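A.B. asks: I would like to see how this sequence folds:
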Amino acid sequence: MTSISTKQTFKNLVKKICYILVGAIVGLIVRENYSYLKSKPSFKPYVAVVVATQRIDFPLPLEFLRGFEQEKKSKGKSFIEARNGCKVDIQTREDLGSVDQAVRVANELLSDKNCILVIGNSDSTLTEATLDVFLKSTDPPSYILPIATANDLITKAKTAGHGAVLRMVPDNANQAEVIQRLIVSLVRRPRVALYVDEENPVYSLNLSRDIASRVRSKGGSVVIEEKLGPSNSIYSSLPAWTSQKTPDVIVYVGVAHHGLLLIDQLSELKIGVPVIFTDGCMVGALQDNILRIPNRAFVLSPVGIGLQKDRMPTYEPIGRDAYTLASMLLSSSSDCTRAKLRNYITISHTKQQSISLDGVAGKYLFNADGNNEGMDYKVYEITGGKLLPILPT
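C.D. replies: Predicted coordinates for the structure are as follows:
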């Protein structure tokens with residue numbers, strides 16, 4: 001009996017030890033998994049809007065952001081709801097109009113997998129810097145360009161295999177074609193003076209060369225091509241303005257700050273030929289300052305003047321449409337992840353199923369490259385402090 005009892009006691013002890021060991025192991029597994037789950041970063045997708053809000057003489061990015069925020073406010077929520085019910089947050093980043101800052105922000109967004117879509121930047125030069133960062137990765141966020149117009153941006157993205165880049169406004173080629181038509185309507189065989197902004201060179205040089213090529217193709221000539229900015233001015237080209245045969249038309253290619261400098265210098269030098277300002281000068285200050293010179297003056301814009309017919313168009317409608325476009329893309333993608341959204345946009349192009357939108361600013365019809373073919377540049381003459389539509393006719 002004693003032997004049987006001892007064996008039973010030993011078995012019970014072994015069982016107890018086994019139970020304790022199993023319990024300890026299970027407890028350890030549960031604890032470790034709990035700690036892992038607790039420390040594991042949760043996926044919180046967001047859209048990043050990258051703009052410069054501090055540039056005094058270039059309010060387009062701020063106007064864009066104002067329109068974007070207005071549209072978001074009208075929806076009554078701080079997020080965009082994706083197709084699967086996922087709530088996609090909206091965050092704003094400041095690029096300060098600086099290439100260094102744009103690159104820093106781009107690297108930050110690229111490394112954060114929560115960022116699935118970027119809307120920006122403030123101009124073509126900053127956009128190119130951002131795009132260069134994104135193209136180093138095999139998993140870049142989708143990218144919407146609301147302001148940048150340089151032709152090569154979309155070409156660069158497509159060549160590098162990033163098919164989820166959409167440009168909302170017409171490109172520089174469209175603007176150059178419209179400017180060429182305007183020049184020919186003013187002078188049949190024009191002698192053109194091209195003044196190119198030192199700032200935002202990706203935009204300015206790209207567009208000025210396109211304009212020059214088109215002018216020459218129609219029998220005109222470019223007799224001045226000069227940079228305008230801190231290092232150069234119209235005074236460098238004075239010999240051409242004092243010669244017997246002076247230029248017939250001035251085209252300023254750049255942003256507003258140096259466009260206003262050009263107005264000051266035209267006033268001082270009493271040069272009165274027609275002057276054309278590209279869309280970077282689409283600011284109220286241009287309209288106010290142009291009254292100081294007698295020249296016929298024209299400005300290009302991708303946006304119509306709408307109800308305020310006496311004032312310069314703003315980028316607010318583009319901002320509102322950018323919010324709507326982002327919402328449409330997220331509600332169409334199968335999931336709110338970087339890869340799924342990028343694949344949706346890319347596949348839509350590949351299958352020739354154009355992404356389209358009837359927006360506040362106009363029609364958006366994105367072709368296989370990602371350019372908007374639904375919009376053309378408009379031309380307004382600034383006369384008597386008001387805007388007179390000239391083109392398209």
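
A.B. asks: What residues sit buried inside stretch 138-149?
C.D. replies: Going by neighbour count (16 or more other C-beta atoms under 10 Å), the buried part of stretch 138-149 is 140, 141, 142, 143, 144, 145, 146, 147, 148, 149. Any C-beta I mention is one placed from the backbone N, CA and C, and that applies to glycine too.

A.B. asks: avg pLDDT for that stretch?
C.D. replies: Averaging pLDDT along stretch 138-149 gives 97.

A.B. asks: rewinding a little: show me the buried residues of stretch 138-149 that map onto strands.
C.D. replies: 142, 143, 144, 145 (DSSP state E).

A.B. asks: How about the third one, nearest residue that isn't a chain neighbour?
C.D. replies: Right, residue 144. In space, and not counting its chain neighbours, residue 144 is closest to residue 119: 4.6 Å by C-beta to C-beta, 6 or more residues apart in numbering.

A.B. asks: In terms of helices and strands, where is the nearest residue to residue 106 once chain neighbours are set aside?
C.D. replies: For residue 106, ignoring the flanking residues on the chain, the nearest one in space by C-beta to C-beta, 6+ apart is residue 133 at 3.8 Å. Using DSSP states H and E, residue 133 falls within helix 124-134.

A.B. asks: re earlier: kindly reformat the ones in strands among the buried residues of stretch 138-149 as JSON lines containing distance to residue 176.
C.D. replies: Shown next, in JSON lines, are these (distance: C-beta to C-beta, whole Å):
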{"residue": "142", "distance to residue 176": "28"}
{"residue": "143", "distance to residue 176": "24"}
{"residue": "144", "distance to residue 176": "23"}
{"residue": "145", "distance to residue 176": "18"}
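
A.B. asks: Next, count neighbours for the residue nearest to residue 106.
C.D. replies: 18 (other C-beta atoms under 10 Å).

A.B. asks: check contacts around the residue nearest the centre of the chain.
C.D. replies: What sits nearest the mean C-alpha location of the chain, by C-alpha atoms, centre = their mean, is residue 145, with 2.8 Å. Residue 145 makes contacts with 120, 127, 153, 165, 166, 167, 168, 169, as judged by C-beta atoms under 8 Å, 6 or more residues apart in numbering.

A.B. asks: about what we covered before: output the buried residues of stretch 138-149 as a markdown table; include the columns distance to residue 89.
C.D. replies: A markdown table is the format used below for the buried residues of stretch 138-149 (distance: C-beta to C-beta, whole Å):
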| residue | distance to residue 89 |
| --- | --- |
| 140 | 19 |
| 141 | 14 |
| 142 | 16 |
| 143 | 18 |
| 144 | 16 |
| 145 | 21 |
| 146 | 19 |
| 147 | 23 |
| 148 | 24 |
| 149 | 29 |
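
A.B. asks: wait, is residue 387 part of a strand?
C.D. replies: Yes: with DSSP: H, G, I helix; E, B strand; the rest coil as the criterion, residue 387 is located in a strand.

A.B. asks: what about it, neighbour count?
C.D. replies: 23.

A.B. asks: For residue 278, see how far away it is.
C.D. replies: To residue 278, residue 387 is 16 Å away according to C-beta to C-beta, to the nearest Å.

A.B. asks: low pLDDT regions in the stretch 251-393 of the chain?
C.D. replies: 306-309, 349-353, 392-393 (pLDDT under 70).

A.B. asks: In it, what residue spans correspond to strands?
C.D. replies: Under the criterion DSSP state E, counting those that start in this stretch, strands of the stretch 251-393 of the chain are mapped to 275-277, 297-301, 356-358, 363-365, 378-383, 386-391.

A.B. asks: distance of the residue nearest to residue 106 from residue 49?
C.D. replies: 17 Å.

A.B. asks: Got phi/psi on residue 249?
C.D. replies: phi -140, psi 140 (degrees, to the nearest 10).

A.B. asks: Does it have any beta-bridge partners, and if so which?
C.D. replies: Listed by DSSP bridges, the beta-bridge partners for residue 249 are residue 192.

A.B. asks: Report the contact partners of it.
C.D. replies: When contacts are counted by C-beta under 8 Å, 6+ apart, residue 249 touches 183, 186, 187, 190, 191, 192, 193, 273, 274, 275, 276.

A.B. asks: mind redoing it with 7 Å?
C.D. replies: 183, 186, 187, 190, 192, 273, 274, 276 (C-beta atoms under 7 Å, 6 or more residues apart in numbering).
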